[in-house]
Each structure stands twice: as C-alpha cells, then as structure tokens.
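> below are the sequence and a predicted model for it; my questions follow.
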Amino acid sequence: MRTFVSLALLLLAMTTSAARAEEPATTLNLWPGKPPGETKELPPEADTTKDTDNLIAGRRLQRIGNVSTPSLAIYRPAPDKDTGASVVICPGGGHHILAYDLEGTEVAEWLNTIGVTGIVLKYRVPARDQEKRWLAAVQDGQRAVSLTRSKAEEWKLDPKRIGILGFSAGGETAGLTAILEERQYEAVDDVDQVSSRPDFAVLIYAGGFAEKDSPTLKPYVKLTSNTPPMFLVHAIDDPVPVANSLLLTLGLKQANVPAELHVYSTGGHGYGLRKTEQPVTHWADRCGEWMRESGLLTRTP
C-alpha cells in the first residue's frame, strides 16, 4: 500500500510540475486604465470555439473573442538556456478573434526551447475601427514592446534584442509595429517614453500590407533603413496573397534592411507551429537558424 501511495504521489507531483511549466511566469495588463479610444462595453471575453469548428493538425484550438483588457503573458526559458532575447507574440484571427494557443502559447513554448522569452500579447479584438482595422491591435503591439523594454532590467532581458512575431492579422499587427515610426496613441505614462520599435520581426503568413489587385504596398507601409530586420514565411496557395510577403521583402531589400523570405508551393493558411507532412509547417526550424545566424541567440554575459 505504501509503495502504491508513494507512486501515486510521485505521479501527481510530476503532473503538477508539468502543468506549472506550461503556465506563464508573469501576467500583467497592458494599460494602467482603459486602452486608448475605448468607449464601448463588449460582452465578456470567452473562448468562442465550437465543437464543429475545424481542427489543426488533428487538434482543437482556442479562439478567444471580445478582448477588451489587453494583457501580456510571459513565458521564460530554463535558466541554463536563457539567452536574454525576447519576442512579443501576436496571434492571428482576422482581427475578429485570437488563435491564442495555436499562434500564441505554443509559440512561446517553442521559443523557450531555443532560449528566448516568449511574451504572448492578448490584443484587442474584434477590430474597433473599420477603416483602420489594425489600429487597436497596433496600439497594443507598440505598448507591448515599450512595456517589455521598460521591464528589461527587472526581467533580465536584453533591451536591444526584443523582437515581435505574428501570424496572419497578428502578422499585420507585428509588421506595422515594426514599420510605423510614430506611436499610434498619445503617451499615457513613463512606459511610453521607451521606444516602441522592436529590434527584429518574424511575420508568418501575414496580410494587410499589399494593395488589392496592385503590385504595391499600401501607402502607410513605408520601409526605411530604420526598419528592423525581418524573417517571413508564406505559401503560394495561401488565400492571403503571398504578394504581402514578397512586396515587403523587396521593399526591405531596397531599404538595405536584412530580410529572409521562405516561400513554399503549398501549405495554405493557419497552421501555426503544428507540424504536418507539409514542409511549410517546419518554418520554425528555419527561423531558429536565422535568429542564431543573426546573433540574436548569443547569450547575455
């Protein structure tokens, strides 16, 4: 009986330890009060996934809707792996919902394996401004970068190796956070005195940059020598046109900004990090190589 009880307690401890390892080290609200421009009350935040919704790589995903209180969830790598680099993660969801695990927490867990702190941004959805559907999300993205940089010493992060990564509409959010030189809201406190520009960006099947039916970038997508380096992934058969990533890469080259683009013939959209037989779903391996070659994974002394 004692042996059985001891084994049961050991298994419980192992299970509890594993569960804790998947929990964020810290969570905090993005804004000290209401976010900029918020005037309406939305229904409570909730996972909107239905039993009839599609699976990704045979698994369910979280579709978080009605986000009114943006927040950050910080996932730390093991101390012996920690490089001091960090990445703010912007899940996709068409500015309607957030694919919070598929394109958020699962990405943080992967980043931890290569020694990077993953910071999942729960930005506001659905879109507030129908003319600038990206606006509230980019405000949250800029605030997230400033907040992370303001906490760099406390969180033992390198303030010069703070990146941003996004998928689909989250890729638009991440890309515009990296590209736009002006803050998209009035400063609210000392956090907003810290730079909101990330040091690098990773854009996975991102949309929103190219003009419809025209081989040009949208007029507010202005790439300069100050734009941070980027890593981009897209599939040709993606319903979000591959032109978004192609034109961004060409623009970055013209601005003399380092960029790496991986285009795959097939793969579609919305696969996140869940690996299948499609080569595009192994993009994280290439991204890790790019980060290593770029010196982003060099450990802080």
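Structure's in. What do you need?
> what is the neighbour count of residue 153?
Residues lying near residue 153 (other C-beta atoms under 10 Å) number 9. Every residue, glycine included, has its C-beta placed from N, CA and C.
> report pLDDT for it.
pLDDT for residue 153: 96.
> now do the SS call for it.
What DSSP: H, G, I helix; E, B strand; the rest coil gives for residue 153 is helix.
> the closest residue in space to it that isn't next to it in sequence: what secondary structure?
In this structure, residue 153 finds its nearest non-sequential neighbour in residue 159, 7.9 Å apart by C-beta to C-beta, 6 or more residues apart in numbering. Each residue gets one of three states, and residue 159 gets coil by three-state DSSP.
> contacts only, for residue 159.
Residues near residue 159 by C-beta atoms under 8 Å, 6 or more residues apart in numbering: 149, 152, 153.
> tell me the SS of the first one?
Taking three-state DSSP as the rule, one finds residue 149 in the helix state.
> okay, now it: neighbour count?
For residue 149, the count of nearby residues is 22 (other C-beta under 10 Å).
> just confirm it contacts residue 197, I think it does.
No: if you go by C-beta atoms under 8 Å, residue 149 and residue 197 don't touch, sitting 9.3 Å apart.
> quick one on the thing from earlier: and the residue nearest to residue 153, backbone torsions?
phi -70, psi -10 (degrees, to the nearest 10).
> what do you get for residue 202?
Here is the backbone geometry of residue 202 (degrees, to the nearest 10): phi -120, psi 120.
> what do you get for residue 181?
According to degrees, to the nearest 10, residue 181 has phi -80, psi -30.
> mind checking how far it is from residue 223?
Distance of residue 181 to residue 223, computed by C-beta to C-beta, to the nearest Å: 11 Å.
> quick one: which of the two has more around it?
More neighbours surround residue 223 than the other of residue 181 and residue 223, with 23 against 10 (other C-beta under 10 Å).
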